[in-house]
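In: I'd like to go over a predicted model; first the sequence, then the structure.
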Number of protein chains: 2
Amino acid sequence: MKWSELSENWCPVARTLSVVGDRWTLLILRDAYLGKSKFEEFAESSGMTRHILAERLKRLVEEGVLERRLYSSAPKRYDYVLTEKGEELRPALKIMKDWGKKHMPVRREAKA
Amino acid sequence: MKWSELSENWCPVARTLSVVGDRWTLLILRDAYLGKSKFEEFAESSGMTRHILAERLKRLVEEGVLERRLYSSAPKRYDYVLTEKGEELRPALKIMKDWGKKHMPVRREAKA
DNA sequence: CTCCCTGCGTTTTGTTTTGGAACTTATGAC
DNA sequence: GTCATAAGTTCCAAAACAAAACGCAGGGAG
């Protein structure tokens, strides 16, 4: 089965994952919850390539998770802010944050 | 940045996603929370290819989210059960389930 | 005016991952 | 022997991805 067919799945978890269940998307949301909104902010913070970032942002806007907003008219600049729909995933990220803190300690290679 | 470098990230969310943040892995956990444990059960329920499933299961075992358990010795058969670490992600899936129900209705194409 | 800078993407070029389907191995049933 | 079951593994083409360069629209400096 292709990933793209998941949005029609009978299971609500699968349908959710069809939006946020790929590599990177939840990292964009993390940054959004931290107050970031600009393309360059997401790019730098998450470390993903601009290519992928542009695609994911477009998708999140299409799905109504983020809203593309004109924040400067000359020159024209857009940023991305959470919708109510997007806000409602925040608790899931909180759980992942706590889980990561508890179960995924940073293994730093013995360094001077 | 490559996805594989995420496990060393300063951010606990990113480290969590380095384990469960790819396509399919959370769908395996969904099935595990529903009581499934066998390879064929995961394969059929999630619709992912056996190839990918095998790789994801191996990774989840390595990370201590699932445990590979011998459930039949002749012929040798293994299944996969949640560890306590794995159980602790259940609330996140619950949120995604509710979010999917609320925000991702199944669009069925006008059908007779 | 000309040149450089910022911010938001798009294009290009290889590499990696994925999807689909067939194959393997071990054992029990008929 | 032949078929069926369960848990993977292997192969190849197709899709996704990473990295870096390019495009474009306004400023601002000189």
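Out: Cool, the structure landed. Keep in mind it's a predicted model, so treat the numbers as computed, not measured. Numbers count the residues shown, from 1 in each chain, chains lettered A, B, ... in the order given.
In: quick one, phi psi at the spatially closest residue to residue A:103 that is not a sequence neighbour?
Out: Take residue A:103 and drop its neighbours on the chain: the residue closest to it by Cβ to Cβ, 6 or more residues apart in numbering or on different chains is residue B:85, 5.3 Å away. Glycine gets a C-beta too; all of them are placed from N, C-alpha and C. Reported as degrees, to the nearest 10, the phi and psi values for residue B:85 are phi -60, psi -40.
In: touching, residue B:85 and residue B:65? I think so.
Out: Yes - counting by Cβ atoms under 8 Å, residue B:65 is a contact partner of residue B:85 at 5.7 Å.
In: which stretches of chain A have low pLDDT?
Out: A:108-112 (pLDDT under 70).
In: what does it put close to DNA strand D?
Out: Neighbours of DNA strand D within chain A, by Cβ under 7 Å from any atom of the strand: A:3-4, A:22-24, A:48-52, A:55, A:74-76.
In: among the residues you listed, which lie within strands?
Out: Using DSSP state E, residue A:76 are the members of these that sit in strands.
In: just the helices from chain A, written as ranges.
Out: Under the criterion DSSP state H, chain A contains helices at A:12-20, A:25-33, A:39-46, A:50-62, A:84-87, A:90-103.
In: tell me which of those helices sits most buried.
Out: Per residue and on average, the most neighbours among those fall to helix A:12-20, with a mean of 24 (mean count of other Cβ atoms under 10 Å in any protein chain shown).
In: please see if that one touches DNA strand C.
Out: No - Helix A:12-20 lies out of reach of DNA strand C by Cβ under 7 Å from any atom of the strand, never closer than 11.5 Å.
In: that helix vs helix A:50-62, what angle?
Out: For helix A:12-20 against helix A:50-62, the angle by axes from the mean of the first three to the mean of the last three Cα atoms, to 10 degrees is 130 degrees.
In: now for residue A:77: which residues touch it?
Out: By Cβ atoms under 8 Å, 6 or more residues apart in numbering or on different chains, the contact set of residue A:77 is A:70, A:71.
In: do you know how far it is from chain B?
Out: Note on residue A:77: its distance to chain B, by Cβ to the nearest Cβ, to the nearest Å, is 25 Å.
In: now residue A:79. Nearest residue, chain neighbours left out?
Out: In space, residue A:79 comes closest to residue A:37 once its chain neighbours are excluded; the distance is 4.1 Å by Cβ to Cβ, 6+ apart.
In: now for the residues of chain A next to DNA strand D: which two are most distant?
Out: The span of those, defined through Cβ to Cβ, is set by A:3 and A:74 at 40.1 Å.
In: more neighbours, those two?
Out: The residue with more neighbours, out of residue A:3 and residue A:74, is residue A:3; 14 against 5, by other Cβ atoms under 10 Å in any protein chain shown.
In: quick one, what contacts that one?
Out: Counting by Cβ under 8 Å, 6+ apart, residue A:3 makes contact with A:18, A:22, B:23, B:24.
In: good, wrapping up.
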